[in-house]
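A.B. asks: The sequence and its predicted three-dimensional model are supplied below.
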Amino acid sequence: MSTTPVPASAWASEDWQLETNADLKPAHLVVQLRRRAHVLPWMRFVFAEGDNDQVKIAFASHTVTVAGHGLAALLAALAAQQVVRIIQPSENEAKFGVRGSNAGRYTGPGVTDITVAPNK
């Protein structure tokens, strides 16, 4: 098993934003849904787990489930607590695999759906 660290540039995606200064840790994670946003403080972060298709992010009050492809990059960025924002693409962006105002084809790691549920 290799212990070579993954470079931060490999964590990048159109669907999440990272803190650009590796020495700084963001205070919170913004989960941007289509019609709502959640701001979850990193100090209440419990764990993250998953694979290339799904990542579960647990905070003391909520659990965020992210579905998509290439999500191992997101999981690595979460482990370093460098993620500032995760953005749910519009239905058409997710369905047709395009991103942005020019509707260009996007083939990198991406999110197709996000759910946020309060912990019971």
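C.D. replies: Okay, I see it. On a predicted model such as this, the values are computed, not experimentally measured, just so you know.
A.B. asks: only C-alpha atoms for contact and neighbour calcs from this point on.
C.D. replies: OK.
A.B. asks: and the gap between the residue nearest the centre of the chain and residue 59?
C.D. replies: Nearest to the mean C-alpha position of the chain, counting by C-alpha atoms, centre = their mean, stands residue 86 at 4.3 Å. As for residue 86, its distance to residue 59 is 15 Å (criterion: C-alpha to C-alpha, to the nearest Å).
A.B. asks: same deal with residue 78?
C.D. replies: Taken as C-alpha to C-alpha, the span from residue 78 to residue 59 is 12 Å.
A.B. asks: now swap in residue 26 and tell me
C.D. replies: 15 Å.
A.B. asks: related to what we said a few turns ago, what is the closest residue to the residue nearest to the centre of the chain other than its chain neighbours paired to in the beta sheet?
C.D. replies: Spatial nearest neighbour of residue 86, excluding adjacent residues (C-alpha to C-alpha, 6 or more residues apart in numbering): residue 16 at 4.3 Å. Taking DSSP bridges as the rule, residue 16 bridges to residue 13, residue 86.
A.B. asks: I'd guessed residue 16 sits against residue 87; true?
C.D. replies: Yes. Here residue 16 reaches residue 87: they are 5.8 Å apart, a contact under C-alpha atoms under 8 Å.
A.B. asks: State the pLDDT value of residue 11.
C.D. replies: For residue 11, the model assigns a pLDDT of 60.
A.B. asks: An error on my part: the question was meant for residue 15.
C.D. replies: So, for residue 15, pLDDT stands at 86.
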